[in-house]
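Q: This is a predicted model, with the sequence first.
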Amino acid sequence: MDLDLSKYLGLFVSESRDHLEKLSRTVVRLERAGASGEDPAPIVDDMFRHAHSVKGMAGTMQFEGIALLAHRTEDVIGGLRGRAQAVEPDVVDLLLASADALGALVESTAGGGRPPEPDAALVERLARAAAALKKGEKVAGLAEPGLPEPEAGDAPGAEVPVPGAAPGPGAGRLDSDGVSNTTTAEPPPAGPGAAAAGAGHSGAGVGHSDSGVTPGTAAAGRSVPNTGAERAGRASGLARVLAVEVEVAEACPVPSVRGYLVLKRLASLGAVRSAEPGAEDLKAGRMPDRRLAATLETAEAPEAVERALAQIADLARISVRTASPPAEPRPAPAPAEAQRTVRVRAELLDGFLDSVGELLLATARLRELGRGLPQPQRRAHDEGVDRLHSTVKDLHGKVMAARMTPMALLADRLPRAARDLARRTGKQVDVAVSGAEIEIDRALLEDLGDPVLHVLRNAVDHGIETPAERIAAGKSATGRIVVTARRDRDRVIVEISDDGRGMDPQRLREAAVARGVLSREEAEALSDREAIRLACLPGVSTAPQVTDVSGRGVGMDAVVRTVEAVGGSVEIDSQRGLGTRLSLRLPLTVVVQPVLLVRVGEEVLGLPVSKVHGAADVDVERLERSGGAPMLGFAGGLVPVHDLASLLGLARFRAPGRRSVVVADGEDGRVGLAVDQLLGQEEAVLRPLHQPLSLVPGLSAVTVLGSGRPVFILDVARLLAA
């Protein structure tokens, strides 16, 4: 059975990315465990599982360099087990550097090429750090190259033989977690923890699956006799029949791939008499209940077969026992009623959603055409269109559910980003995240990545003070940044707050005047809340010097433009000495939204229903005025009313008198927009604007009605600010 490993390259890259991201997060979490009082033992076990899974997968794919670097990372993590003292920052830096290097090597394979060799200096530093940890020494300074040579037995490569070479006398020595390689690894328990264990490690330090075999050798299916029983079995040359059962972990997205790898490994150890499911079923993706049962005729001992299978990642259970007489193929068990998942490329979901959007437009077009039919035919036509619309709406809901992604995909990266910047700036920062389970459209989440990271970097670089400054101000030496996500009707609110120095409104006024954005009189006339908003203007910055992190005055402007481009808004609240809170109000999705259609002159325009609070039919000319603007009483307050035709430079359709006023969200609160006619609500498939239309203030998107008429969607806040 020849297996084309290139078919599984995409799966290897995807799963390795996931494990390495989790490894980075758990490393940062381990550093914070000392201060938070969290037990570090399970964190270290999680770190080991992630590194071990990457090593096992790289070994299966025959990427020896990645497997070697992951193995050295395992050694350092293994040295952290059972330590009472807090982990040193140098160890954290080294492990994060290793995770980044592994990520770069994994990404280099995405195009189908072979990864380069890992950085020899990094491998050496990992080996030296592991040796120091094993002896109970501090690692301060050992994370840097150019140190004395390690003692014999700790040199790089001492525990990992050259790929393809026979194991030397050290095959039975202690592994990185202090357990002899001659010990048979117990199969890990089923469940998510076992899935994370990847290549068969229990995560509790009771069995390592290396067995003195290099990743390349393991992928080739060799086994190394480590016990007298195995050597006796080989010397006798007597074949034995073994019953082999494996169960793939629930977290594995494609269990049939793991099953096929098991058959591949068994075929290299002997003759596979029977397998259920068979190779063809596994190739077709069929693996009922995630279990595989096979009968193997081999000269290997059961322990050797078990160790060979333990090299394969994501096996939750491995059972190898002597079968006499040979076990017959057993029928496949009834499929369990567990939730099944499959990975789908994001491009396919995007194309699927575009197709559903076209169906919605086509349905609206059919409804429009039906209005010209005679009444008896129109009733039947409308019933059919209603059924079609209901089906398409249901389909659209399912597609959107598939696109919804937890905020954790973005939020989980924030503690690492804050930690790295704090180390560079000599600060101490703790990041707390809540609401990471809130789901949002994947496309929207991708757009938010850079803005949220920039706000976080601003909080660390500008907001949080140095430890000495904080202590002098009566604060703790460690600054705190809280990232919170929550749902508010059909919107998601992401808040990023810090307990730092806060913004200085007067300095922002002076920066705006110096930049030529405002005159001195205009700047002094601003309230403190309005002055804080000046930080969002291009070129306005209060940073004393420009660095590679901030100070150019372009970041917050880009944040606001990105958020507003997807139909959101940005709010800033800051108090000197107490900190700053920045809120991003975002729609759940930016593709299909309900819009309120209005007529202004000869034009039909749309307003997102999510930003509309209500409407009233009033005589605008008779409304009381304040500051020259009509004021409409609404929901217990007063809102200023603007004539939408005047804002857009359009001719009025109706004579002065009673008009419809739509109350919507503006930049500084609710505003009223006087229109000529309300046309009703429509489900709109929103399309982004391109230049030059994207440069027109007040326009956010465009849609097409069932009649084929294009309609611009308004951004009220930008329209009023223009």
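A: Yep, it's here. Residues are numbered from 1 along each chain as shown.
Q: With Val452 as the reference, measure out to Ala417.
A: For Ala417, the distance to Val452 (C-beta to C-beta, to the nearest Å) stands at 10 Å. Just so you know, the C-beta spots here come from the backbone N, C-alpha and C atoms, and that holds for glycine as well.
Q: residue ranges of the helices in the stretch 501-650 of the chain, please?
A: 505-515, 520-524, 528-532, 555-565, 644-648 (DSSP state H, counting those that start in this stretch).
Q: separation between Leu122 and Glu64?
A: Taken as C-beta to C-beta, the span from Leu122 to Glu64 is 16 Å.
Q: Tell me which of Ala417 and Val452 has more neighbours.
A: Using other C-beta atoms under 10 Å, the more surrounded residue of Ala417 and Val452 is Val452, with 24 against 16.
Q: The more buried one against Ala485, yeah?
A: No. Counting by C-beta atoms under 8 Å, Val452 does not reach Ala485; the two are 10.1 Å apart.
Q: Now list whatever residues contact both of these two.
A: Counting by C-beta atoms under 8 Å, 6 or more residues apart in numbering, the residues touching both Val452 and Ala485 are Val494.
Q: and the nearest residue to Leu644 once chain neighbours are set aside, what does it touch?
A: Distances taken as C-beta to C-beta, 6 or more residues apart in numbering place Leu673 nearest to Leu644, at 4.6 Å, with adjacent residues excluded. Counting by C-beta under 8 Å, 6+ apart, Leu673 touches 598, 607, 641-642, 644, 647, 661-662, 664, 716.
Q: Spatially central residue in the protein, please.
A: Most central in the chain under C-alpha atoms, centre = their mean is Leu409, positioned 2.2 Å from the mean C-alpha point.
Q: Per-residue pLDDT of the nearest residue to Pro116 once chain neighbours are set aside, please?
A: Closest residue to Pro116 apart from its sequence neighbours, by C-beta to C-beta, 6+ apart: Ser108 at 6.4 Å. Reading off the confidence values, Ser108 has pLDDT 89.
Q: likewise Ser319?
A: For Ser319, pLDDT reads 90.
Q: pretty sure it belongs to a strand, no?
A: Yes. Applying DSSP: H, G, I helix; E, B strand; the rest coil, one finds Ser319 inside a strand.
Q: what's around it, how many residues?
A: 15.
Q: do the same with Ser527
A: 9.
Q: and the gap between it and Arg533?
A: Taking C-beta to C-beta, one finds Ser527 at 10 Å from Arg533.
Q: cool, Ala472 as well?
A: 30 Å.
Q: about what we covered before: where's the residue nearest to Pro116 relative to Ser660, distance?
A: In this view, Ser108 and Ser660 are 60 Å apart by C-beta to C-beta.
Q: Tell me where the stretch 551-700 of the chain has strands.
A: 569-575, 579-587, 592-600, 603-608, 612-619, 625-626, 629-634, 637-643, 658-666, 669-675, 677-685, 699-704 (DSSP state E, counting those that start in this stretch).
Q: how does this protein divide up, domain by domain?
A: Listed by automatic domain parsing, the domain ranges of the chain are 1-160, 217-329, 350-405, 407-503+542-587, 592-721.
Q: Which of the three states applies to Thr405?
A: strand.
Q: quick revisit: pick out the shakiest of the helices of the stretch 501-650 of the chain, pLDDT-wise.
A: helix 555-565 (a mean of 78).
Q: other SSEs contacting it?
A: helix 442-458, strand 569-575 (3 or more C-beta pairs under 8 Å, 6 or more residues apart in numbering; DSSP states H and E).
Q: want to throw these into JSON lines with mean pLDDT and distance to Leu366?
A: JSON lines is the format used below for the helices and strands packed on helix 555-565 (pLDDT from 0 to 100; distance: least, C-beta to C-beta, whole Å):
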{"stretch": "helix 442-458", "mean pLDDT": "85", "distance to Leu366": "28"}
{"stretch": "strand 569-575", "mean pLDDT": "87", "distance to Leu366": "36"}
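Q: Need these in JSON lines (columns: distance to Val592).
A: Converted to JSON lines, the helices and strands packed on helix 555-565 look like this (distance: least, C-beta to C-beta, whole Å):
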{"stretch": "helix 442-458", "distance to Val592": "12"}
{"stretch": "strand 569-575", "distance to Val592": "20"}
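Q: Looking at those, spot the one closest to Arg371.
A: Counting by C-beta to C-beta, Arg371 lies closest to helix 442-458 out of these; the figure is 34.4 Å.
Q: how much does the closest one deviate in direction from helix 555-565?
A: 160 degrees (axes from the mean of the first three to the mean of the last three C-alpha atoms, to 10 degrees).
Q: Tell me which residues of stretch 597-604 come out buried.
A: For stretch 597-604, a neighbour-count test (16 or more other C-beta atoms under 10 Å) marks 597-601, 603-604 as buried.
Q: what do you get for stretch 697-705?
A: Buried residues in stretch 697-705, defined by neighbour count with 16+ other C-beta under 10 Å: 698-705.
Q: mean confidence score for that stretch?
A: 81.
Q: again with stretch 89-104
A: Per-residue scores along stretch 89-104 average to 90.
Q: which residue sits closest to Val54, ignoring its sequence neighbours?
A: Ala70 is the one closest to Val54 (C-beta to C-beta, 6+ apart), at 4.6 Å.
Q: Ok, Arg709 next?
A: Val604 (6.7 Å).
Q: Report the beta-bridge partners for the one you found.
A: Beta-bridge pairing for Val604 (DSSP bridges): Arg599.
Q: re earlier: which of Ala472 and Arg533 has more neighbours?
A: Arg533 (20 against 10).
Q: wait, doesn't the more buried one sit right on Glu571?
A: No. Judged on C-beta under 8 Å, Arg533 makes no contact with Glu571 at a distance of 9.2 Å.
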